[in-house]
Structure formats: structure tokens, C-alpha cells
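[1] Give the three-dimensional model of this entry:
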Amino acid sequence: MTAETAKPTKCPGLTPAHGVPEALRATAREVIAEGRAALSDPNRSDAVAVHDFRKAMKRWRAFLRLLQPFLGDEGRRMRLEAAALARSLASARDARITLDALADLGKGQTTLSIQSTATITARLETLGTHAEGNLVTAQRRAQIDEVLVAAGESVKFWPLSTLGYREITTELAAGYRRARDAVPKSLKTAESETLHDLRKRVVVHRYQMEIIEPLWPRFAQFWVGEVQRLRERLGRHQDLIVLAQLTEPHQPLAPWRSRLAPLIAARRVQHVETAARIAARVFADSPKAFRRRLLALWDEDAQPAAPSADGSALFPFSQNQRPPPG
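    Numbering: from 1, shown residues only. As a prediction, this is how the structure comes out:
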């Protein structure tokens, strides 16, 4: 469940034919509805419900950060509230990401035996089921839904009436800059905490960029796809750290430490190397140049460059700046 589809989630987005304020309100309502549906759908298992809800809260927090300069204290309060809601289900999610990490180990050059993999999987599934049963209760679902309903009501009163597209591009470029600035000089030698901070900023940028999809769907989908690939590589690296923690003394996977530790270390290196190549592509240009491309998308008379077969024309930087694909 670490990997998510690279195609942007459908949201109202921005177009010259519709007012920016109403498009933003419609997007807000759509994201809130996604969060409510995640926990109210009886057909979703607890694991899927937690995953989908936390994903919706990431979208919601990224959207609120985009509008932070215009919403002020109200926007900050709602963002912190959304973070608290996601954290309330964090232990259930943490118990499941180790299963993702174990599956990811199977994609490395060296893997565990079938018997060891089955035994470890059973141990992790037991941990996940216990955590979900204690957290994803009917009462917790009702409490979260009540908070989201209130958030939806507050959207009606957001002070967005004079907001235009230029202001939005400024904030999108700011999100791009924050993610770009978080890229260390060398990902290969960076501390795990540095990579985790980078991932958080990449997640925000990834979800904020969904809002421009209607302006040029091919560009937005390609861009979000690349950023999502970076996010997934960094996320898998973090998941492996969580898995490694379970192999420490007195932890559930301690008996397998000697077999898991070298596999985890090798796979983490692979993810970081690929992440470095993707980051070099995505963040090659300056925030100012990035904003100029976004402004051009709003110009109905502008004719964007035709996309090449590999999507290179969709990037705002030149070919000689692009390293080989990751």
C-alpha cells in the first residue's frame, strides 16, 4: 500500500472558464468527501480504510498549505487538525507498512526463502490485525466524520473571493521550491531523517500539482507521475527502516535479524540511487522558471510544445540537464 497510482486523483481543478475561488472550494469539498468515504464505506477492510483515509488527509493538508497565506489561522488550525486525525490511526498504518517493506525486499537482487517469507508475513499480519482492531472502531470513525463535516461547512466561508490564478501559481512554485531546497547535495550519503523530510515535501508538491490538471492534463499527469515515483522510492526507503526496527533485540522479527539486515541495507541503497536520478530530473529548473510554465498554462492563446514520445517536452528544463531515466 506504499505505492499509489501515479495518475492524479480526479478533482475539479482550475480552468480559465471557471472562477478560481469556486474551483478551490469545489476541490476542498471533493477532498473532504474522499476522506469521509474512506471510513464510511462498509466494503473497505480496516487496512484499506486506514490507507485511503490517510491518503485523503495528505491531500487535504497539502491543499490547505497551498491556501495558507489566504486562510490565515483558520487554515493552520484545519491543517493541524487533519494531521492529528491521521496520527490517530498511525499505529494501524505502521503495522501494515512493514508488509509492504517485506514485499519490496522480494524485488531486490537477493531475497529470503519462501518459508522465511511466509513465516515473517504471518507474524506481521498478526501485528497489523491487532492494531487495526484496537483503533478502527465505530466510535473512532464517527468522531472523525464529525470533524470532517465541520471542515466542509467552514469551506463556505473561506475568504477567497478576490483570489486569482497568479496567486495560486506563486504558492505552487513555493511548494516546488520547498521540495527542491530539501534535496540534499548527495542523497546517497544523506541521513535517513533528511530523506524523510524530503519525502514529506515531495508529497505536498505532488498533491498540490493535481489542481492544474485541467489546464494541460498530459503535462500534469506526467509531472505528478514523476513526482509520485520519487515519493514512492523515498517511501519504500522509510518503510524498510521501520521493518529494520522490528528486527532489533526483543522485537517481533529479532530471530530473523541476521537474514533481514543485509537485504534491507542493499534494497535501501537501490531506492536512494533511483530517487537521486528522479530528483535531478524533477528539480532541475528554478522555481521562477517553474512558475513561468504554470502561468503559460493559463493563457488560452498559448500553444504548449507538443509532447515527445518520452514526455520530455513536458518538462520545463532542457534535454542536456536530464540524466538517464530512473
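
[2] so where's the longest helix in the protein?
    If you go by DSSP state H, the chain has its longest helix at helix 217-245.

[3] Rounded mean pLDDT for that one, please.
    The pLDDT scores in helix 217-245 average 94.

[4] Which strands or helices does that helix pack on?
    Applying 3 or more CB pairs under 8 Å, 6 or more residues apart in numbering; DSSP states H and E, one finds that helix 217-245 contacts helix 90-105, helix 192-208, helix 257-282. Where C-beta positions appear, they are placed from N, C-alpha and C, glycine not excepted.

[5] Which positions within it qualify as buried?
    Of all the residues in helix 217-245, those buried under the rule 16 or more other CB atoms under 10 Å are 219-224, 226-240, 243-244.

[6] now the angle from that helix to helix 90-105?
    Following axes from the mean of the first three to the mean of the last three CA atoms, to 10 degrees, one obtains 100 degrees for the angle between helix 217-245 and helix 90-105.

[7] of all the helices and strands packed on helix 217-245, which lies closest to residue 147?
    Closest of the helices and strands packed on helix 217-245 to residue 147 is helix 90-105, at 16.3 Å (criterion: CB to CB).

[8] Show me what that closest one packs onto, helices and strands only.
    helix 46-66, helix 114-135, helix 217-245, helix 257-282.

[9] Mind checking the pLDDT average for stretch 112-131?
    81.

[10] Adjust the sequence numbering to begin at 15 for everything that follows.
    New numbering, starting at 15: the last item is stretch 126-145.

[11] So what touches that stretch?
    61, 105-106, 108-110, 112-113, 116, 119-120, 125, 260, 266-267, 270, 273-274, 277 (CB atoms under 8 Å, 6 or more residues apart in numbering).

[12] ok, now stretch 76-92?
    38, 41-42, 45, 93, 96, 165, 168, 172-174, 177, 181-182, 185-186, 189, 217-222, 225.

[13] picking that back up, show me how far the longest helix of the chain is from its chain's centre.
    7 Å (CA atoms, centre = their mean, to the nearest Å).

[14] Least confident secondary structure element in the chain?
    Taking mean pLDDT, DSSP states H and E as the measure, the helix or strand of the chain with the lowest value is helix 128-149, at a mean of 78.

[15] Could you check whichever helix or strand comes after it and say which residues are buried?
    Using DSSP states H and E, the helix or strand that follows helix 128-149 in sequence is helix 152-169. Neighbour-count burial for helix 152-169 flags 155, 158, 161-162, 165-166, 169 (criterion: 16+ other CB under 10 Å).

[16] Let me know the average pLDDT across the helix or strand following helix 152-169.
    Following helix 152-169 in sequence order, the next helix or strand is helix 179-195 (DSSP H and E). For helix 179-195, mean pLDDT rounds to 97.

[17] repeat for stretch 97-107
    Taken as a whole, stretch 97-107 has a mean pLDDT of 84.

[18] Now it: buried residues?
    Here stretch 97-107 shows 99-100, 103, 105-107 as buried, counting by 16+ other CB under 10 Å.

[19] okay, how far is it across it, tip to tip?
    14 Å (CA to CA, to the nearest Å).

[20] Run the chain-centre distance for that stretch.
    Its chain's C-alpha centre and that of stretch 97-107 lie 15 Å apart, by CA atoms, centre = their mean.

[21] And for stretch 302-309?
    22 Å.

[22] same thing with stretch 42-62?
    When C-alpha coordinates are averaged (CA atoms, centre = their mean), stretch 42-62 and its chain have centres 17 Å apart.

[23] okay, now the nearest residue in space to residue 169 that is not next to it in sequence: neighbour count?
    Spatial nearest neighbour of residue 169, chain neighbours left out: residue 42 (4.6 Å); criterion: CB to CB, 6 or more residues apart in numbering. Close neighbours of residue 42, defined as other CB atoms under 10 Å, add up to 24.
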